[in-house]
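A.B. asks: build the 3D model from these lines:
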Amino acid sequence: MRFLSTRGGVAPATLSEAVLRGLADDGGLYVPERVPQVEVETAADDLAGAAVATLAPYFEGDALAPALSDIVREAFDISCVLSPLPDADGPSALLELFHGPSAAFKDFGARFLASCMARLARPGDPVRTILVATSGDTGGAVAAAFHGRPGFRVVVLYPDGLISARQEHQLTAWGGNVHAFALAGRFDDCQAHVKRALGDAALVRAHALGSANSISLGRLLPQVAYYVWAARGFRAGHGASPGFLVPTGNLGNALACVLARAMGAPIGPIVLCLNANRVLLQFLEQGEYLPQPSIATIANAMDVGAPSNLERLSTLFPDSAALRRGLEARSYDDDAIRAAIVAAHARYGVVACPHTATALAELMRRRDAGDARPWIAVATAHPAKFDTVVEPLLGQAIDVPAALRTTLERPSQRHVLEADYGAFVRALRELDPLP
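C.D. replies: Alright, predicted model coming up:
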């Protein structure tokens, strides 16, 4: 299969080319030339088997195709749990995506991307610099996936003071080939720097730049697989196609759910669950994209005022009226998120992070309004990453997963960077070359 730029200004790329480039040379994002269909009923029951069946059409004809099974085995060697909720008002479940090394759903995509890129590296290639803008969770997942891999360097930009202390520790405790910079600005500034750098052909050549944000095709595609797997498993158990309640900021995870449905997965309504950053809600309600400065919230990984993947969504599904009929959105401010954390614990026995709480808030709102449809709420991060928010609300300590505990025990070092783009470019140039 070939992959096209959302802006149509460059020639189609192979999967390998799109994965390595990250961003197309015209500044667009790569999308498949068509949305293939997956034979859901014949896909394997296990997640890895479902992932191979889901991703095979995208890999067809590419140099990476013979390695797909091995790539999936490496990337999906972490637990993905579809946990039933004790919901008397209708069948529902929690899709737990936080059991990987960084305790966030982004581990699946980051590990998949790293495995693909490692196979595309050739002897004598320059060290490839992977740029990452993070509002909290992406950077930790990418750092874990690429740390210690020969031939790769990771450069992470995160908004200073706008992520949790444990999230920051996950970014700054690696050393070696991982470099993290606290930018004096918002996530949108971090993202703008990364996209500008990736659009600078001379800079890309000088540092062999690539991307691991959700703008990267190698991050997006593997996320489709767990939606196919979860929807198939839920329908097998309940005899009905579930809707999904997806916490989202940059729209990557939610777009993966939309793609899974378009590929034929048994998925009903999809609801984008937002924090106080309401750009996607306004787009769906009014049909107009109006990016805004991001608002800092306790669900900080969703603090995005200019969601990149909206460009992908609009390209793949250009009929905006039909798109809006197939998607809904709901926004929850910090007070509502706090209330949902408390209510979900009392109602379902779930300890939720602030991001997951937006999906559970929407589930409870719908149940209280008489909605008995089957729903899957997506749990995107482990609550232990947000202990200072969750523990005071529930009055109890949260167990820290072993992988996260190991990272938190490492010493960390902060490096602060001016918000100026020139300062970012100078920091890139000052990095010592790796052996």
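
A.B. asks: so residue 384 makes contact with residue 103?
C.D. replies: Yes: using CB atoms under 8 Å, residue 384 is in contact with residue 103, at 6.7 Å. Where you see a C-beta, it was placed from the backbone N, CA and C, and this is true even at glycine.

A.B. asks: now the residue nearest to residue 343 when sequence neighbours are not counted: how far from residue 339?
C.D. replies: Nearest-residue entry for residue 343: residue 364, 6.1 Å, with adjacent residues in sequence omitted and distances by CB to CB, 6 or more residues apart in numbering. Plainly put, residue 364 is 10 Å away from residue 339 if you go by CB to CB, to the nearest Å.

A.B. asks: neighbour count winner among these two?
C.D. replies: Here residue 364 and residue 339 are set side by side on neighbour count (other CB atoms under 10 Å), and the busier one is residue 364, at 19 against 15.

A.B. asks: thinking again about what came up before, mutual contacts of residue 384 and residue 103, please.
C.D. replies: 401, 404 (CB atoms under 8 Å, 6 or more residues apart in numbering).

A.B. asks: of the two, which one has the most company?
C.D. replies: Taking other CB under 10 Å, residue 384 and residue 103 do not tie; residue 103 has more neighbours (29 against 21).

A.B. asks: phi first, then psi, for the more buried one.
C.D. replies: phi 60, psi 40 (degrees, to the nearest 10).

A.B. asks: what sits closest to it if chain neighbours are left out?
C.D. replies: residue 382 (3.8 Å).

A.B. asks: so how far is residue 207 from the one you found?
C.D. replies: Taken as CB to CB, the span from residue 382 to residue 207 is 33 Å.

A.B. asks: neighbour-wise, which of the two wins?
C.D. replies: residue 382 (27 against 22).

A.B. asks: what is the least confident helix or strand in this structure?
C.D. replies: In the chain, no helix or strand scores lower on mean pLDDT, DSSP states H and E than helix 320-326, which sits at a mean of 82.

A.B. asks: the longest strand along the chain - what's its average pLDDT?
C.D. replies: Longest strand in the chain by number of residues (criterion: DSSP state E): strand 152-159. Mean per-residue pLDDT for strand 152-159: 95.

A.B. asks: for stretch 380-399, same thing?
C.D. replies: pLDDT averaged over stretch 380-399 gives 97.

A.B. asks: using PDB, write down the CA coordinates of it.
C.D. replies: C-alpha atoms of stretch 380-399 as PDB (Å, rounded to 0.1, in the frame of the first residue of the first chain):
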ATOM      1  CA  THR A 380      -5.300   5.600  28.900                       C
ATOM      2  CA  ALA A 381      -2.900   6.000  31.800                       C
ATOM      3  CA  HIS A 382      -2.300   4.400  35.300                       C
ATOM      4  CA  PRO A 383      -3.600   6.600  38.100                       C
ATOM      5  CA  ALA A 384      -0.200   6.200  40.000                       C
ATOM      6  CA  LYS A 385       1.200   8.800  37.500                       C
ATOM      7  CA  PHE A 386      -1.200  11.300  38.900                       C
ATOM      8  CA  ASP A 387      -0.900  10.500  42.600                       C
ATOM      9  CA  THR A 388      -1.100  14.100  43.800                       C
ATOM     10  CA  VAL A 389      -4.500  14.500  42.100                       C
ATOM     11  CA  VAL A 390      -6.100  11.100  42.800                       C
ATOM     12  CA  GLU A 391      -4.900  10.100  46.200                       C
ATOM     13  CA  PRO A 392      -6.300  13.100  48.100                       C
ATOM     14  CA  LEU A 393      -9.700  12.600  46.300                       C
ATOM     15  CA  LEU A 394     -10.000   9.000  47.300                       C
ATOM     16  CA  GLY A 395      -8.200   9.200  50.600                       C
ATOM     17  CA  GLN A 396      -5.900   6.200  49.800                       C
ATOM     18  CA  ALA A 397      -2.500   5.500  48.400                       C
ATOM     19  CA  ILE A 398      -2.200   4.000  44.900                       C
ATOM     20  CA  ASP A 399       0.100   1.100  44.300                       C
END
